[in-house]
Structure formats: structure tokens, C-alpha cells
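*Asks:* make a model of this:
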Amino acid sequence: MVLFENSWFFAFGINFILIFLAQRLPLLTSKGWIHAGVLGTILWGCLGWRGWLAVFFYLLFGYLVTKIGFAYKKSLGVAEGRDGLRGPENVWGSAATGAFLAILVDLVAISSKEIFLVGFAASFAAKLADTFGSEVGKRWGKSTFLITSLKKVPVGTDGAISLQGTLASLGGSVLMTYVMYSLSLIDSSSSFLIVVSSGFFATLIESVIGATFQNRISWLSNELVNAIQTTFSATVAMILFLFFRV
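*Replies:* Residues are numbered from 1 along each chain as shown. The predicted model follows:
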């Protein structure tokens, strides 16, 4: 009975069962599912089922928007590789910041948890905003412009934005924030607005990084840029949270 009372043991067990049942779904590669199990164990162990479910919704929404118009995007050569399946590098590029903040939530005193939950929510709001903007922009973007110069560039260019993609980014940030709010990971209107704005702003910064540095620095991979973006969003959200709380 003691083992079942240990939340970490339960977190591992439930994730093992869920991954075993879900691994045939076309969401992740074989290695991606293993790493998702590690991530899921961390999230459930630190935040309980709400934290786990929030990130499941992030993964699901990201996959669905990636598959919209996939054949068309593939014909242009701008579709995600592996038919949209995510691997370990995608899992951690998107979720390393959130996992770290979840661990902090578990370690700190109750009075300090809220700020890290806001950062946690903002990291995933930023990543879903990025995915929505990129995938919708590739499919329906009428004109794409480099964010740093507004020069017209081909669809799929690093740092390119479109009106359709930008609006989709805002929608993705709102959707992910709503999930976090519905699951009581954030619990106030001010936190909601902070997470939405931080996630959306970080997506614009990610485009600036892509336009300015990504083609010039060989080791600056998409996954590393994702990690920078989510960390930036979380940091901005936590600073805003402190500012407005005071």
C-alpha cells in the first residue's frame, strides 16, 4: 500500500500504462513516446493529473493543426518531417522549460507556487502559438514577410510571418491559456492575460531570432530556438506577474 501512496510511483505507473495504450496513435515516434513518458512522469509527479492533461492537450492541438492541409504543405516542401510525428528533440525543445518549472512548483513553498505555474502556462502558450502560426501560415498565408525587414519572402522561410499566421498565433496562445485556466493551473483574469500576451509576444521574438540568427549559426536548431522561445515567454510572464501583483 505504501508504494501506491507514493505519488511518483503512481506517476510512473500511470504514464507507463497510458504510453503503452497510446503508442499506436500517430503523434510521436517510438523514441518520442519513451521521452514523452519521462516528461509525463515529471508532470504528473509534480503537478498531478492537471499538469499532465494540459500538456496532452498541447500535444494533441499541435498535432491536429500540423495535419491540416498537410498534403498541400508537403507539395510546397514546407511540411513537418516524419509526416508530422514528433521525436525526442521536439518533446524537450517544447517542454524542457515547462518541465523545469513544474519541478520548481513541486519544490517551493505554497506561497511561491503561483508564479512558477504562470511561467509553466506561458511556456506552453508560446509553443502552441508558434505551432499554430507556423502551420496556418504555411497553409493559408497569402503573403509572407520577413519580420525584421518586411521584405516579401517564400512560405516557410525562417523568420517569415503572415497576417493569417499571426492571427493564428494569437489564437493558439489564447487556446492554450484557456486550457491552463480551465484546469486551474492559473486562476485569475490577470494571470490569463499575462500568459496570453507573453506567449504571443514570445512567438514574435522567435520569428526575429529565426530571421536574424538561424541561418547564420549552424548549431541554432529549431529545437533550441523553441527552448529559447519558451524560456523567454515564461520569464516575461513571471516578471509581469510579480509587477502586477505588487
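*Asks:* past the least confident helix or strand in the chain by mean pLDDT, which element shows up next along the chain?
*Replies:* Scoring the helices and strands of the chain by mean pLDDT, DSSP states H and E places helix 2-5 at the bottom, with a mean of 42. Note on helix 2-5: by DSSP states H and E, the next helix or strand toward the C-terminus is helix 7-22.
*Asks:* residues making contact with that following helix?
*Replies:* Contact partners of helix 7-22, identified using C-beta atoms under 8 Å, 6 or more residues apart in numbering, comprise 3-4, 33-34, 36-37, 40-42, 44-45, 48, 52. From N, CA and C alone the C-beta is placed, and that goes for glycine too.
*Asks:* can you select the buried ones from the residues you listed in PyMOL?
*Replies:* Here is the PyMOL command that selects the buried residues among the contacts of helix 7-22 (16 or more other C-beta atoms under 10 Å):
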select buried, resi 33+36+37+40+41+42+44+45+48+52
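*Asks:* with secondary structure added, can I get the contacts of helix 7-22 in CSV?
*Replies:* Shown next, in CSV, are these (DSSP: H, G, I helix; E, B strand; the rest coil):
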residue, secondary structure
Leu3, helix
Phe4, helix
Trp33, helix
Ile34, helix
Ala36, helix
Gly37, helix
Gly40, helix
Thr41, helix
Ile42, helix
Trp44, helix
Gly45, helix
Gly48, coil
Trp52, helix
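*Asks:* and the contacts of helix 7-22, which is closest to Arg245?
*Replies:* The closest of those to Arg245 turns out to be Gly48 (C-beta to C-beta; 24.0 Å).
*Asks:* for the closest one, give me phi and psi.
*Replies:* phi 80, psi -170 (degrees, to the nearest 10).
*Asks:* check Arg86 too.
*Replies:* The phi/psi pair for Arg86 (degrees, to the nearest 10) reads phi -100, psi 140.
*Asks:* ok, what's across the strand from it?
*Replies:* Leu28 (DSSP bridges).
*Asks:* where in the chain is pLDDT low?
*Replies:* Along the chain, the parts satisfying pLDDT under 70 run over 1-6, 72-73, 75-84, 246.
*Asks:* first vs last residue of stretch 208-218, how far apart are they?
*Replies:* 17 Å (C-alpha to C-alpha, to the nearest Å).
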